[in-house]
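# build me a model from this:
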Amino acid sequence: MGTPDLISPRSPRVAAARRLVRRNFRTKERRFLAEGPQAVREAVACRSGDTGTGTETAESAAAAPALLELFATPEAAARHSRIVGEARDAGARVHLAAEATVADIAQTVSPQGLIGVCRFIDRPLDALLAARPRLVAVLAHVRDPGNAGTVLRCADAAGADAVILTDASVDLYNPKAVRASAGSLFHLPVAVGVPVGAAAEGLRTAGVRLLAADGTGEQDLDDELDGGTMSGPTGWIFGNEAWGLPAETRALADAAVRVPIHGRAESLNLATAAAVCLYASARAQRATH
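Below is the predicted model of the structure:
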């Protein structure tokens, strides 16, 4: 067998994909990058619902997989032939590329051999609220992309119904956030760029009780659980990694809740605290069903 043809690193397709590491191009094109076999597999299964700026209708976009294009090294294509085949069957354009080309697109030190170009998959806040969510994570002022992606992953694992990123938070489609979500980005309905006041008002109107996760909160998470107040629809507001929640954001919540520290640790990091809070709510809600 001969050597397979590889896409040129100077191809316009490669150049267009490479530009998506920059937020302004992601926003303009409504496209983002997903790296690695797990992310690509989930992207194939995900239906985006994004109409973008093209001519597709909402119905056609909703029926289309999030994955539009796939760059794969020959080795990765052989190792993950099922994923590549499913991507091709779903209509994604598949390109074989040298390892250096894939690494240049992803701009990572240790590329995984597969990188996809995906449609934006966020949804309007009204669409999330219309589904009557029972457990929601609100990322307010979260600036670190790794933390944002990890909290999204925690929300997915805890069985949350939706995630909201406020307009003061990091870009959901930052490559580091996408990698940190470990594929969970493609599982949950997510709204982005929502003013925190609008998110709070919308959730409260939808019957969701709002809790602000705060290390200095007046309420203790254990007491909330013991008091039986967490069995209903709940939205958790998580703040900035370094300085937490501003007073005006905390005031939007029905209660400010702290995770108890039983040992000598000074505090918990954002993702760990989010996991504890979301799982506490999930357990309380499941106990009543």
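
# all helices of the protein, in order?
For the chain, the helices defined by DSSP state H cover 12-18, 23-29, 37-45, 58-63, 74-79, 81-89, 99-106, 125-130, 145-157, 175-180, 196-205, 221-226, 247-250, 270-287.

# would a markdown table of those helices with distance to E241, mean neighbour count and mean pLDDT be doable?
(Glycine included, C-beta is placed from N, CA and C.) Below are the helices of the chain laid out as a markdown table (distance: least, CB to CB, whole Å; neighbours: other CB atoms under 10 Å; pLDDT from 0 to 100):
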| stretch | distance to E241 | mean neighbour count | mean pLDDT |
| --- | --- | --- | --- |
| helix 12-18 | 29 | 16 | 97 |
| helix 23-29 | 19 | 14 | 97 |
| helix 37-45 | 24 | 22 | 95 |
| helix 58-63 | 34 | 12 | 48 |
| helix 74-79 | 34 | 16 | 96 |
| helix 81-89 | 33 | 16 | 96 |
| helix 99-106 | 25 | 20 | 93 |
| helix 125-130 | 24 | 16 | 96 |
| helix 145-157 | 6 | 23 | 97 |
| helix 175-180 | 13 | 22 | 95 |
| helix 196-205 | 16 | 18 | 97 |
| helix 221-226 | 19 | 16 | 93 |
| helix 247-250 | 14 | 14 | 94 |
| helix 270-287 | 5 | 19 | 95 |
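
# in CSV: those, plus distance to T234.
What follows is these, written out as CSV (distance: least, CB to CB, whole Å):
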stretch, distance to T234
helix 12-18, 39
helix 23-29, 31
helix 37-45, 26
helix 58-63, 28
helix 74-79, 41
helix 81-89, 36
helix 99-106, 37
helix 125-130, 14
helix 145-157, 12
helix 175-180, 24
helix 196-205, 9
helix 221-226, 10
helix 247-250, 16
helix 270-287, 5
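
# and A168, which of the ones you listed is closest to it?
helix 196-205 (6.9 Å; CB to CB).

# ok, and what's touching that closest one?
The contact list for helix 196-205 (CB atoms under 8 Å, 6 or more residues apart in numbering) reads 125-126, 129, 136, 138, 140, 164, 166-168, 191, 210, 235, 237, 249, 252-253.

# which among these count as buried?
125, 129, 136, 138, 140, 164, 166, 168, 191, 210, 235, 237, 249, 252-253 (16 or more other CB atoms under 10 Å).

# and these, which two are furthest apart?
L129 and A168, at 20.0 Å, using CB to CB across those.

# neighbours around the closest residue to S281 other than its chain neighbours, how many?
Nearest residue to S281, sequence neighbours excluded (CB to CB, 6 or more residues apart in numbering): T234, at 4.8 Å. By the measure other CB atoms under 10 Å, the count of residues near T234 is 27.

# correct me, but T234 touches A137?
No - counting by CB atoms under 8 Å, T234 does not reach A137; the two are 9.9 Å apart.

# can you pull the pLDDT of D5?
Looking at D5, its pLDDT is 87.

# the closest residue to it other than its chain neighbours bridge partners, please.
With sequence-adjacent residues excluded and distances taken as CB to CB, 6+ apart, D5 is closest to L96, at 6.9 Å. As for beta bridges, L96 partners with A72 under DSSP bridges.

# tell me the contacts of L96?
If you count contacts by CB under 8 Å, 6+ apart, L96 has them with 4-7, 72-74, 77.

# quick check, pLDDT for it.
97.

# from G116, how far out is it?
14 Å (CB to CB, to the nearest Å).

# likewise for R153?
The gap separating R153 from G116 is 18 Å, by CB to CB.

# likewise V138?
Taking CB to CB, one finds V138 at 28 Å from G116.

# what do you get for A131?
A131 is 27 Å from G116, by CB to CB.

# of the two, which one has the most company?
Higher neighbour count among A131 and G116: G116, with 28 against 12, using other CB under 10 Å.
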